[in-house]
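Colleague: Let me see the structure of the following:
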Amino acid sequence: MPIVHDWLARRAWLSPDRVALIDAIRGNRRITWREWNAAANRTARLLHDRLGVRRGDRVAVLAMNCVEFLDVVFACAKLGAILQPLNWRLSAEELKGLFADAEPGVLIYGPDFQAQVDAIRPHARSVRHVVPLEDSPKRPDGDVPFSARDSLPDTPLPPVELEASDPWVLCYTGGSTGLPKAAILTYGSITANAANTVVSWGLTADDVAVLNAPLFHTGGLNVFTMPLVYVGGASVVCRGFDVEQVFDWVQRGEVSLVFGVPTMFIEMQRHPRFETVDFSRLKLLISGGAPCPAPVFERFFERGVAFKTGYGLTEAGPNNFWLPAGDVRRKPGAVGVPLFHVEARLEGDGDVGELLLRGPHLCAGYWRRPEETAKTFAGGWLHTGDLAERDADGCFRIVGRVKDLIISGGENIYPAEVESVLAGHPEVAEVAIIGVPDPKWGEVPRALVVCRPGASLTAEAMLAYCQGRLARYKTPKTVRFVETLPRTAAGKVDRRELAARHGSP
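Modeller: Now for the predicted structure:
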């Protein structure tokens with residue numbers, strides 16, 4: 001079915017003079033929908049007229065967040081090209097694998113990644129054109145600077161007709177094994193996520209979000225950015241996460257929406273300004289990407305902030321649930337009820353089961369991975385691999401990953417639950433729970449703890465803290481102190497690496 005795919009052209013018609021973007025990287029410059037659409041048109045002409053990009057061609061971007069990155073996102077939509085945003089946390093060797101996977105014809109990159117591009121360039125055989133966002137006298141003669149678009153007209157190219165099933169973005173999952181998989185985000189799935197979010201979360205054209213989550217991640221693209229384009233709100237484009245910058249925008253009352261991963265909110269609470277910043281004008285402060293420790297909720301609640309957690313995947317949305325206002329304090333940590341066009345159910349025996357999702361917001365499977373697509377999306381449902389429970393009100397709570405479940409003496413132990421308790425200790429900065437073999441119980445939990453600076457925490461004190469807070473079978477049998485927790489490319493704790501390092505009895 002044909003679908004409206006040139007979102008910026010439509011917004012430029014509907015609300016041409018309203019602010020669409022605030023460029024926090026360049027002096028908080030305000031950009032209207034008319035201006036943004038014109039910039040995206042020039043970008044589309046650069047891709048099409050100068051670089052030969054056509055419908056279905058892949059355009060890779062390796063850059064920190066910036067307005068130009070967003071111009072490319074919507075220029076691809078105007079052409080029917082497919083965006084391949086690259087995770088800049090990856091090594092050059094890992095990035096080579098992604099180039100071989102999607103075979104982009106164009107690579108656009110930011111100045112921070114010159115070394116990676118130099119290392120990749122000889123191996124990226126599909127790349128016909130390399131485009132630096134910032135020109136340099138050292139630029140190879142064949143490269144076309146992004147600034148070349150400035151001399152091109154901002155008139156639209158001849159329209160293309162696209163289907164809802166056509167790919168818009170190849171968004172890579174943050175898997176901990178092998179080459180990351182690219183979820184095919186279509187025009188239909190991105191539109192459905194935007195509609196779900198606007199209708200179910202109550203976004204309006206007056207909302208403004210801080211955009212500091214990386215744009216190579218579905219959280220940066222789709223939690224608020226795309227839904228706000230859909231409804232006509234605005235985004236504050238930040239290079240990355242900076243606590244002071246977030247607090248400045250919140251304190252001035254210029255933003256209404258803040259999304260982050262738990263690590264970001266923990267950093268906010270550690271900052272000296274946390275107790276004085278005025279959060280009262282925020283409409284939504286929401287965490288995602290990983291389980292959020294209970295103490296984070298408690299500290300926000302003490303400040304009178306209705307802090308909540310969401311749940312999503314690259315393959316689904318990522319927005320799937322909403323926790324009604326009356327349940328925020330009553331059910332901290334719950335993700336809530338399914339959004340308007342989302343179906344959710346549990347598969348398995350007992351009170352906890354694997355979460356399955358269905359709806360138009362699902363991706364179209366994995367790029368060039370038919371077997372994994374068939375397995376993960378069996379029967380039309382996304383098998384998330386996450387364990388959840390549902391209460392009598394239909395409210396869902398995520399309790400862990402299927403593969404992370406620890407079974408000790410026949411009892412199920414969910415690492416996220418134990419981690420949430422241990423994170424409440426005032427001397428704990430981070431904690432992860434893994435299972436280790438045990439001759440009596442089969443498997444028992446082990447705590448891997450990162451202490452706060454200056455802490456003098458002992459294993460005995462950590463275990464004593466668990467008394468009265470955890471059942472005995474859930475209490476870690478051993479504690480190890482580590483300097484850091486390893487992370488996957490998506491910034492999540494790498495449990496596979498932890499098991500390899502610390503999983504021996």
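Colleague: use CA for all of it now, contacts and neighbours both
Modeller: OK.
Colleague: Most distant residue from the centre of the chain?
Modeller: The outermost residue of the chain relative to its centre, with distances by Cα atoms, centre = their mean, is K440 at 40.3 Å.
Colleague: Need the nearest residue in space to it, chain neighbours excluded.
Modeller: G409 (7.8 Å; Cα to Cα, 6 or more residues apart in numbering).
Colleague: For the stretch 401-505 of the chain, just list every one of the helices.
Modeller: Using DSSP state H, counting those that start in this stretch, the helices of the stretch 401-505 of the chain run over residues 415-422, 459-466, 495-502.
Colleague: cool, and the stretch 151-300 of the chain?
Modeller: Using DSSP H, counting those that start in this stretch, the helices of the stretch 151-300 of the chain run over 187-201, 218, 225-231, 243-251, 262-270, 294-302.
Colleague: looking at the ones you listed, which has the lowest confidence?
Modeller: By mean pLDDT, the lowest-scoring of the helices of the stretch 151-300 of the chain turns out to be helix 262-270, with a mean of 90.
Colleague: Run the chain-centre distance for that helix.
Modeller: 16 Å (Cα atoms, centre = their mean, to the nearest Å).
Colleague: Pull out the buried positions in that helix.
Modeller: P262, T263, M264, F265, I266, M268 (16 or more other Cα atoms under 10 Å).
Colleague: and what of stretch 449-457?
Modeller: Applying 16+ other Cα under 10 Å to stretch 449-457 flags V449, V450, C451, L457 as buried.
Colleague: nearest to D150, of those residues?
Modeller: Distance to D150 across those (Cα to Cα) is lowest for V450, with 49.4 Å.
Colleague: What's the end-to-end length of stretch 327-342?
Modeller: This stretch, stretch 327-342, spans 20 Å end to end (Cα to Cα, to the nearest Å).
Colleague: go on, stretch 310-330?
Modeller: 16 Å.
Colleague: Would you mark the buried spots in that stretch?
Modeller: Residues 310-323, 328-329 are the ones in stretch 310-330 that count as buried (16+ other Cα under 10 Å).
Colleague: What is the most widely separated pair among those residues?
Modeller: E315 and R329 (29.1 Å).
Colleague: what about this structure, any weak spots by pLDDT?
Modeller: Along the chain, segments meeting pLDDT under 70 span 174-178, 489-490.
Colleague: who are the neighbours in contact with the spatially most central residue of it?
Modeller: Centroid-nearest residue in the chain, with Cα atoms, centre = their mean: G219, separated by 2.7 Å. With contact set as Cα atoms under 8 Å, 6 or more residues apart in numbering, G219 has these partners: A213, G289, P318.
Colleague: Equivalent analysis for I3, please.
Modeller: If a contact means Cα under 8 Å, 6+ apart, then I3 has E161, L162, E163, A164, Y187, G188 as its contacts.
Colleague: Using neighbour counts, trim those to the buried set.
Modeller: L162, A164, Y187, G188.
Colleague: Mind picking the one among those that's closest to F74?
Modeller: Nearest to F74 among the buried ones among the contacts of I3 is Y187, at 11.5 Å by Cα to Cα.
Colleague: wait, that closest one sits on H5?
Modeller: Yes. Using Cα atoms under 8 Å as the test, Y187 is close enough to H5 to be in contact (6.6 Å).
Colleague: Neighbours of G202, how many?
Modeller: Residues contacting G202 under the criterion other Cα atoms under 10 Å number 10.
Colleague: quick one: contacts for the residue lying closest to V19 once chain neighbours are set aside?
Modeller: Nearest non-adjacent residue to V19, counting by Cα to Cα, 6+ apart: T32, 4.3 Å away. Counting by Cα under 8 Å, 6+ apart, T32 makes contact with P16, D17, R18, V19, A20, L21.
Colleague: who does the strand or helix carrying the fifth one pair up with?
Modeller: Assessed by DSSP states H and E, A20 sits inside strand 19-23. If you go by DSSP bridges, strand 19-23 pairs up with strand 29-32 (antiparallel), strand 234-237 (parallel).
Colleague: if you compare those strands, which one is most tucked away?
Modeller: Comparing the strands paired with strand 19-23 by mean neighbour count (mean count of other Cα atoms under 10 Å), strand 234-237 comes out on top with a mean of 25.
Colleague: could I get the helices of the stretch 151-300 of the chain as a markdown table with distance to D101?
Modeller: Output for the helices of the stretch 151-300 of the chain, formatted as a markdown table (distance: least, Cα to Cα, whole Å):
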| stretch | distance to D101 |
| --- | --- |
| helix 187-201 | 21 |
| helix 218 | 19 |
| helix 225-231 | 26 |
| helix 243-251 | 36 |
| helix 262-270 | 31 |
| helix 294-302 | 39 |
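Colleague: do you know how far the residue nearest to V19 is from L14?
Modeller: Counting by Cα to Cα - T32 and L14 are separated by 12 Å.
Colleague: next one: T263
Modeller: Going from T263 to L14 by Cα to Cα gives 38 Å.
Colleague: circling back: out of the helices of the stretch 401-505 of the chain, which comes closest to Q116?
Modeller: Closest among these, once you apply Cα to Cα, is helix 495-502, at 24.6 Å.
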